[in-house]
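3D, please:
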Amino acid sequence: MGTFDILNIRNDFPILGRQVNGKPLIYLDNGATTHKPKQVIDAVVRYYADMNSNVHRGVHYLSQISTDAFEITRRKVQAFINAAHDHEVIITKGTTEAINIVAACYGRPFIGKDDEIIISAMEHHSNIVPWQMLCEEKGCKLRIIPMNERGELDLDGYRSLFSERTKLVSFTYVSNALGTVNPVKEMIDIAHRYNVPVLVDGAQAIQHLAVDVRALDVDFFAFSGHKMYGPTGVGVLYGKEELLNKMPPYQGGGDMIKDVTFEKTTYNELPFKFEAGTPNIEAGICLAEAIDYINSIGLDAIKEYEDGLLAYATEQLARVEGLRFIGTAAHKSSVISFVVDGIHPYDIGVILDKLGIAVRTGHHCAQPVMDGFQIPGTVRASLAMYNTAEEIDALTSGVERAVRMLK
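Presented below is the predicted three-dimensional model:
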């Protein structure tokens, strides 16, 4: 593990050296996607230049080295999240596909009419819509964990939702719209007292917090590569071996089979049963580089730096006249959402963009959260390990300028 050197880290990300609208880029939309270090970018080029071939299918040299590299990623993910087995790591397109796999392959066989699924009031649409689709198909029902005015889940309300009809719980580790860090271990333990499995959406946690799936005792865990400095189009579904073995495949095709006749198909073993067709090989291989990069700095060091930056940003933005934070939980990670009285978030975002500052405006694919706060959306500044206090100062000045112009 190395030391946290912000200048060296920033030098690793080529895009941070460019200008936008004649201003140095200040990128504060990391909750949507993170930028890529040159180590990952170089790995993409190296794959296509040196080893491009399909995986798990060929005996020739390029296929073998591509397959080996792809499987190295699986083992690195296993170590990164401390899974018991590498075959518990399913390579997906991202968090959304991972959640949909659980909804289809666990939900359809094991959840029926009048059964209940618990999700929270702060979920991203990707952890709402698949369950709604399942409810429409099977006649089951969604139960919603309530949230208070600070953007924290009500654990007493959560406990009250359980009954003999509860078949699954699914909630986010870190809210993409509010930054709230949920008490995941406690929530999993509560569900397990009722013998209910739990899926955790880790898309906004995996790049900020150390995740140990065995210590959490989580049943399913989903995350995306592109939010942790890796390529787009790749992600992970972790599942406990016992549960994955009970579940049918998600799709049919190549690689997920052992034997095919016109009368019957025998499915492959884990993890390949859930990996039909040619995967995003380049992204799968290069995700390993992103994991190596994070490990070279250390998640503890990253968390300490980002927590300090979040505290500083909160303090600075609080000085802006009329600004109100949306999401003031006691435990937060790297997200600041806010509104300014009398000004639409979109208008602030446009002015910030003219200053080279990239933020996200709108409902952040979390419309029920915005409805709960009775607002159309927020300005969201989401932080990464390459952001700086100077960028926070520029953001604050930019918001103040927008307020002066729009009031």
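
contacts for stretch 298-318?
Stretch 298-318 is contacted from outside by 1-4, 6, 179, 207-210, 294, 323, 325, 332-336, 338, 381, 383-385, 387-389, 392-393, 395-396, 399, using Cβ atoms under 8 Å, 6 or more residues apart in numbering. The way it works is simple: take the backbone N, C-alpha and C, and place the C-beta from them, glycine included.

quick one: average confidence on it?
When pLDDT is averaged over stretch 298-318, the result is 97.

and if you look at stretch 21-39?
pLDDT averaged over stretch 21-39 gives 98.

Can you list the buried residues in that stretch?
L25, I26, Y27, L28, D29, N30, G31, T34, H35, K36, P37 (16 or more other Cβ atoms under 10 Å).

Quick check: end-to-end length of it?
Distance between the boundary residues of stretch 21-39 (Cα to Cα, to the nearest Å) amounts to 27 Å.

show me what contacts I91?
F70, T73, R74, V234, G235, V236, P271, E275, P279, G284 are the contacts of I91 under Cβ under 8 Å, 6+ apart.

Filter the residues you listed down to the ones in strands?
Of the positions in the contacts of I91, G235, V236 sit in strands, assigned by DSSP state E.

so of the contacts of stretch 298-318, which ones are in helices?
Among the contacts of stretch 298-318, DSSP state H puts I6, I294, A389, I392, D393, L395, T396, V399 in helices.

Skipping adjacent residues, who's closest to the third one in space?
By the measure of Cβ to Cβ, 6 or more residues apart in numbering, the closest residue to A389 outside its immediate chain neighbours is Y312, 5.7 Å from it.

Give the helix, strand or coil label for the one you found.
Here Y312 takes the helix state, with states given by DSSP: H, G, I helix; E, B strand; the rest coil.

Look up how far S337 lies from it.
Per Cβ to Cβ, to the nearest Å, Y312 is found 17 Å from S337.

Give me the more crowded residue out of these two.
S337 (30 against 15; other Cβ atoms under 10 Å).

Could you list everything the more buried one pairs with in the sheet?
With DSSP bridges as the criterion, S337 is bridged to R380.

For the stretch 51-200 of the chain, which segments count as strands?
89-92, 116-120, 141-145, 166-172, 198-201 (DSSP state E, counting those that start in this stretch).

partners of the last one in the sheet?
Sheet neighbours of strand 198-201, with direction, are listed as strand 166-172 (parallel), strand 220-224 (parallel) (DSSP bridges).

Determine which stretch of the ones you listed is the most buried.
strand 220-224 (a mean of 28; mean count of other Cβ atoms under 10 Å).
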